[in-house]
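S.K.: I'll drop the sequence and a predicted model, then ask my questions.
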Amino acid sequence: MRFFPKAKQAIESTFDDLFKSLVELENKFVVAHAKNPLAAPNDYDLDVKAYCVLAHAAFEEYIEQVGIIVAKAIVENYKYRQVVNDALLMLVHSQASYISLYKEGPPESIDTVFDYLRNKLEELVENFEKSIDRSHGFGYKYVDKVLVPLAIDLTKDSTLLASYKSLTKERGAYAHKRNQYGVFYRSIAPEKAQDIVGDCLLICDDIRKKALLKM
């Protein structure tokens, strides 16, 4: 595949940063509790909640960074090498404005098809980046907003998706503090938190691999 080395390095670096952040969070909030067979819910409740919320934020940031890196890379590939792939087509489709190429003026003032597309693609990336900045989250609707325009599919692995749903559910529960009956939400066990965050990391690794193929 054709891609710019810096973009590939950025994807790898972004995943490495995610992995390091998750390890730091795990060591800080859950490792000690997971190793303690006598740990009670009151002992680890706040730490596990903090771990899930901060891990969720780390995954969210990773998705956003990958989306911007890939969008810029596929446009650069078109501008300098005229490479067209499904990611470019999906990006154009998702941000299409349907503005006519025709404009008044002498022939020499009218853009060539290449210049028109180059300028439009640069606008598309800018708009795409703004849409990412306006929407934050790691839930389906947010992740799809970043990945679908780049022709990147979220994994269909049922086990990984179950963990993905669990993390977003836990994060949402902790953010609201109480359930509909006014009872405080209790955190999940440290070992369970480690498992679901680990599965979400595998999802992000799958996204990393797919992103590299688009550039």
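M.R.: Right, received. Where do you want to start?
S.K.: In contact with the most centrally placed residue in the chain, which residues?
M.R.: Central residue check for the chain by CA atoms, centre = their mean: the C-alpha nearest the mean position is that of Ile63, 1.3 Å away. Counting by CB atoms under 8 Å, 6 or more residues apart in numbering, Ile63 touches Phe138, Tyr142, Val143, Val146, Leu147, Cys204, Ile207. For the C-beta atoms, the positions are set from N, CA and C on the backbone; glycine is no exception.
S.K.: same question, Val48
M.R.: Residues in contact with Val48, defined by CB under 8 Å, 6+ apart, are Phe29, Val30, His33, Ser187, Ile188, Ala189, Pro190, Ala193.
S.K.: sorry, back to before: with pLDDT as added columns, please give the contacts of Ile63 in a markdown table.
M.R.: Written out in a markdown table, the entries for the contacts of Ile63 read as follows (pLDDT from 0 to 100):
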| residue | pLDDT |
| --- | --- |
| Phe138 | 85 |
| Tyr142 | 88 |
| Val143 | 91 |
| Val146 | 91 |
| Leu147 | 92 |
| Cys204 | 97 |
| Ile207 | 97 |
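S.K.: Name the nearest of those residues relative to Glu76.
M.R.: When the contacts of Ile63 are compared for distance to Glu76, the smallest value, 18.5 Å, is given by Val146; criterion: CB to CB.
S.K.: Surely the closest one is in contact with Gly67?
M.R.: Yes: with contacts counted by CB atoms under 8 Å, Val146 reaches Gly67, the gap being 3.8 Å.
S.K.: Could you name every residue contacting both of these two?
M.R.: Where contact means CB under 8 Å, 6+ apart, the residues bridging Val146 and Gly67 through contact with each are Ile132.
S.K.: got the residue ranges for the helices in this structure?
M.R.: Under the criterion DSSP state H, the chain contains helices at 5-29, 31-35, 41-81, 86-95, 113-134, 140-147, 158-176, 190-213.
S.K.: on that earlier part again, and the residue nearest to the centre of the chain, what pLDDT?
M.R.: In the predicted model, Ile63 carries a pLDDT score of 95.
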